[in-house]
Each structure stands twice: as C-alpha cells, then as structure tokens.
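A.B. asks: starting from these lines, generate the structure:
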Amino acid sequence: MKKFYRFLCLLLATILLFSLEGCVSGENPDNTTGEYSDNTKNTTATEADPTEEKTPSGVKIPKVPNPLKKSEVAALPVASNSMSNEELRDLCVRFMEMQGSFQWTASADFHYQHASAAAADANGNLNFSKGVIYGGLPYTPASSNLYSMLDYYDDETGILDVSTLKTNFGSILGNDCADAVFWAWGRVSNSISYTLTHNMFPYNGCLKLGNYTYPDNITSWKDYYTRQVCEDNGKDTMYEAYALLRKADGVVCYNSGGGHAMMLAENAHVVRKADGSIDEKESYIVVMEQDSTLRPTTVDGVTVQVEGGIRNKYSFQKLFSQRGFLPIQIAELAGTKAIDKAAVSLDAADGSDLDAVIASKLKSNYRISKVIVTFTDADGKVAYEGFSYGKEATMYEMPMSSALRRATLSRSLKEGQEYTLTVSVLVSTGETLTAYTGAVTF
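C.D. replies: Modelled structure (predicted):
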C-alpha cells in the first residue's frame, strides 16, 4: 500500500509540474501564433513560419514563405538595343514589381523616424515587427533600391538583418515614390536626373505624353500645380493623354499637399462611349506605387504588408479630379533615344598613388548604386573589402573619399605594403563594372 501511495504522489507531482510549466507566462517567445498588425489599421498579416530555420543555440527564426532569390534579380536581362520596346518595358515593370513586393521579415523589431509618413506613430516613427511579413522596400527618404536591401537579406529565409541598422535604417535603405520609379526606369535609362516629384519634368529627363500644354516658364511644379494644368487643358485632352499610357510609363502630380509618382503595370484600359468620347469612370490604369501607407496585399498567395501597392487601380476620373496627374514617359521607352552601354571610370591621375585615388572622382553614365573596394595582398588573399552607397545628390558620380578612408583601411592594411586595389561599381542597369584595378602601396 505504501508503494501505491508513493507512486500516486509522484504521479500527481509530475502532472502539477507540467501544468505549471504551461501556465508560467502568457507570452509566446517564438511568435508562432497570434495576429500582427501595423500601427494604423489593425489589419492581420500572414505570420512567418518559424519551424524551418534555427540558430546554433536552437532558437527558432521566422521564415517567409516565398523569399526572393538574389539569383532572380541577377538573372534580369541587361537592357540593350537588340531588345524590343515591349521587352524594355517588361524589364522596368518586373524590377518595379520586385522592389515593391518581395517578401521579408525583420530579424528584430525596429523603427525609424519618418514623421510625414501616413503610418507613423505619435512619435513620428514607422515601426516594423519581427515575425510580420512585409512586402517591398519600406518608405524612407534614403533614395535607395532593391540592390541595397538585398545586402542585408537572407534569400533562403527572407530575413532582413537589421542588427547594424536600427534607427539608421531610414537613412540607408528604402525609398519614396519618385525614387522607386527612378530605379525601375534606371534599368534602361540614363537620361533622367530628377530627385523629387516636383522636378520630374519637363527639365530632368521625363517627357510629357499627350497633347496637354503648360506654361513655358515652368522649372518646378511648385511654381504651377499639376491640378491647374489638368483644369487648363480640360477633361477631354487629359483623358486622351491618359489613353496613350503604356506599361512602364508614369504619372506624376504635385500640388499644395505634396506630390506623388506611379508606374503603370500594364497598358491603360480605355472604354469609349457611343460618341467616341472616353468614359471617365470605366477607363482606368493599373499602377505600381510606393507610399507610406501599409496595406495588406496578397503576393504569391501570401498576405503581406506593402507600403504602396503593385496593382492599384485608378479611374481616369480619379486621376484628373483628385490630384491632377500628368502622364509622362522616358526617351528610351518613347523610342527617341537609344540604350547606352553602361560604363564607369576613375579620374585619378596616378592610380598607383592611393592618395590620388582617394582624392579622385568615380563617374558613370548610369546612376551609381554602390561602390565596392577590395584590397588583395601578394598571396591573393583579401585584406580589406568595403562598400559605399551612391548619393542622390550626385547620382552619376561619386567621390572616392566616400568609399576609401585611411583611418578605416589602417585597421586591416599594413603601412608600406603593396596591394592590388579593385574598384567595382554597381549601376542601375544591374551590372557590376570594374572602374579600376592595379597595384597601390598603403
């Protein structure tokens, strides 16, 4: 009987122990269940699957269902004059689509300051949570692109490593509406140089599409709002202009509340009435756009939080009446300019003199995304490798002092030793080109 009581007490103690373990906390440390939402909408996002990847310590890492493979981006064709106009347009659309929808989740919760963003909290921060699947580049003033985002991205798990970025994220990665369109056009174009919606055209490479007119003395749409241009020209003229829009063309507006730019995902859908005029409600465009509003969007069967959208629909009536959008195009897609072959150069007078290289300027005929510098020793081993991202203010050139700093190099290189220096440049066409390779003494 004593043995039975002893067994019964042991059994009850074991049951109690497991009950207590299950009730110690209501938290779910692995984030494997529950709803995730952005700060403004209480919308439910698809949750990352944490069962596939583990750290060496065994802690689960969330994994997105369909991570973008870097090889997919690398496989995009380089624009050339042998490609048809349709193929060039498809290339722009595909890149815009990739940068606007690829799936990622953060390695940790993070935020950055962007007070004007629609989804910003009371402190002016945009907040991102580990475990939530986001789509595309975040809305930031960084003027960055998909290539830079992938530098921090694990394409096996879809995890974005934010450990070294934190609150600096908004100044390094992401872009706004105008930059998103720029980098997509940059796959084929080196004729554009605008920085914001108010100066996208007529003087910075973008061309008007259609027969609408505007004052000859305009240098910025801050001087004459696009809504006024629409009113000056009237609905018939503007609707006929919208009807000319093809995939990869753009629309832009700028008014007292700011501006916006979007790229067409497909040709305009035009419905005409019996008298031949355009039906403003039934005619529409489908666009890809970057903005600061998080929207639950289905991508490859998965609901992700996208800032902007990859298939948003706007009727001609809405384009005209709400914000006064103007249809625009670029010369390379209009067929008025050939596709130039990408090239880079370094204007150092003496490449063997490291100080001369540091004082030199790197130039490209396409927008510079990133500069990579590599120092290799006599044994062929990499002694130092670093990179620096291009700047919007000097998009087609870059001072080498941004990528080469003696104080940083001195931590890895030996004084008086000779190295082979290679300067490589990633440009908007997706190509990485060599600007310089040669011996230098540190």
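
A.B. asks: low-scoring stretches of the stretch 251-400 of the chain, by residue?
C.D. replies: 349-351 (pLDDT under 70).

A.B. asks: ranges for the strands of it?
C.D. replies: Using DSSP state E, counting those that start in this stretch, the strands of the stretch 251-400 of the chain run over 258-264, 284-299, 302-315, 326-330, 344-346, 361-364, 368-376, 382-389, 397-399.

A.B. asks: again with the stretch 51-200 of the chain
C.D. replies: Shown for the stretch 51-200 of the chain, the strands assigned by DSSP E, counting those that start in this stretch span residues 60-63, 103-106, 110-113, 125-128, 134-135, 153-154, 159-160.

A.B. asks: what residues are up against Ile218?
C.D. replies: By C-beta atoms under 8 Å, 6 or more residues apart in numbering, the contact set of Ile218 is Pro202, Tyr224. The way it works is simple: take the backbone N, C-alpha and C, and place the C-beta from them, glycine included.

A.B. asks: and with 6 Å instead?
C.D. replies: Listed by C-beta atoms under 6 Å, 6 or more residues apart in numbering, the contact set of Ile218 reads Tyr224.

A.B. asks: repeat that for Lys208.
C.D. replies: Not one residue lies near Lys208 by C-beta under 6 Å, 6+ apart.

A.B. asks: can you do 10 Å?
C.D. replies: Each residue near Lys208 by C-beta atoms under 10 Å, 6 or more residues apart in numbering is listed here: Phe201, Pro202, Tyr214, Val229, Ala241, Leu326, Pro327, Ile328, Gln329.

A.B. asks: swap in His114?
C.D. replies: Counted by C-beta under 10 Å, 6+ apart, His114 has contacts 120, 124-126, 138-141, 169-170, 174, 176, 292.

A.B. asks: let me have these in a markdown table, adding distance to Phe316 and neighbour count as columns.
C.D. replies: Listed next are those as a markdown table, based on distance: C-beta to C-beta, whole Å; neighbours: other C-beta atoms under 10 Å:
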| residue | distance to Phe316 | neighbour count |
| --- | --- | --- |
| Ala120 | 32 | 20 |
| Gly124 | 36 | 13 |
| Asn125 | 37 | 19 |
| Leu126 | 32 | 26 |
| Pro138 | 31 | 26 |
| Tyr139 | 26 | 26 |
| Thr140 | 31 | 24 |
| Pro141 | 31 | 17 |
| Phe169 | 38 | 24 |
| Gly170 | 35 | 22 |
| Gly174 | 31 | 26 |
| Asp176 | 25 | 27 |
| Ser292 | 25 | 18 |
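
A.B. asks: among the residues you listed, which are located in helices?
C.D. replies: Phe169, Gly170 (DSSP state H).

A.B. asks: circling back: tell me the most buried of the strands of the stretch 251-400 of the chain?
C.D. replies: strand 326-330 (a mean of 25; mean count of other C-beta atoms under 10 Å).
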